[in-house]
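Predicted coordinates and the sequence they were generated for:
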Amino acid sequence: MNKLSSLLLVFVAAFAVTGLASAESSDSKIVIKNKSAWAIHQLFLSPTDEREWGEDQLGQHTVNTGDSFTLTGVPCRAYDVRLVDEDGDECIVEDVGICASDNTWVIDNEDLVGCQVLTQGE
């Protein structure tokens, strides 16, 4: 369906590798760096046990190629994450553990194209 699923899988792996566990008491700071050829227009979070999407975390911002955006104040817990790129391609990765300080997510062409290939078969 879109190019973003593998990107979000990379996020899940990054959090798992760094041993980031849910710790309800603190908030996260996450820098999103877009090194892809596509702008990221929306990013939504939903607690995994609720499946109700919150506000677009990017608001009026677009994370253009070469730009970064910092999400702050995200409570530590497991989320489903939904990204939408400039083409309207959308993907959801479930159960992403977010609890970190000063972590960086890098989005590149390989992630986005890989996601598009994976989801077109669904």
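Everything's here; your move. Numbers count the residues shown, from 1 in each chain.

Please make it C-alpha for all contacts and neighbour counts, starting now.
Will do.

Show me the contact partners of stretch 48-64.
33-34, 38-46, 69, 71, 78-80, 94-95 (Cα atoms under 8 Å, 6 or more residues apart in numbering).

quick one: the helices in the chain?
In the chain, the helices defined using DSSP state H lie at 5-17, 109-120.

pretty sure Pro75 is touching Ser28, no?
Yes: between Pro75 and Ser28 there is a contact at 6.3 Å, judged by Cα atoms under 8 Å.

Pull up the overlap in contacts between the two.
Common contacts of Pro75 and Ser28 (Cα under 8 Å, 6+ apart): Ile98, Cys99.

For PyMOL, what selects the buried ones among the contacts of stretch 48-64?
This is the PyMOL syntax for the buried subset of the contacts of stretch 48-64, where burial follows 16 or more other Cα atoms under 10 Å:
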select buried, resi 33+34+38+39+40+41+42+43+44+45+46+69+78+79+80+94+95
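
If you average pLDDT over each of the helices of the chain, which is lowest?
Of all the helices of the chain, the minimum mean pLDDT falls on helix 5-17 (a mean of 47).

Just give me the neighbour total for Asp87.
For Asp87, the number of neighbouring residues by other Cα atoms under 10 Å comes to 12.

ok, it - contacts?
Residues near Asp87 by Cα under 8 Å, 6+ apart: none.

How much space separates it from Val74?
Distance from Asp87 to Val74, counting by Cα to Cα, to the nearest Å: 27 Å.

before we move on, what about Cys91?
Computed with Cα to Cα, the distance linking Cys91 and Val74 is 20 Å.

neighbour count winner among the two?
Using other Cα under 10 Å, the more surrounded residue of Cys91 and Val74 is Cys91, with 22 against 16.

Mind listing the residues bridging to that one?
As for beta bridges, Cys91 partners with Leu83 under DSSP bridges.
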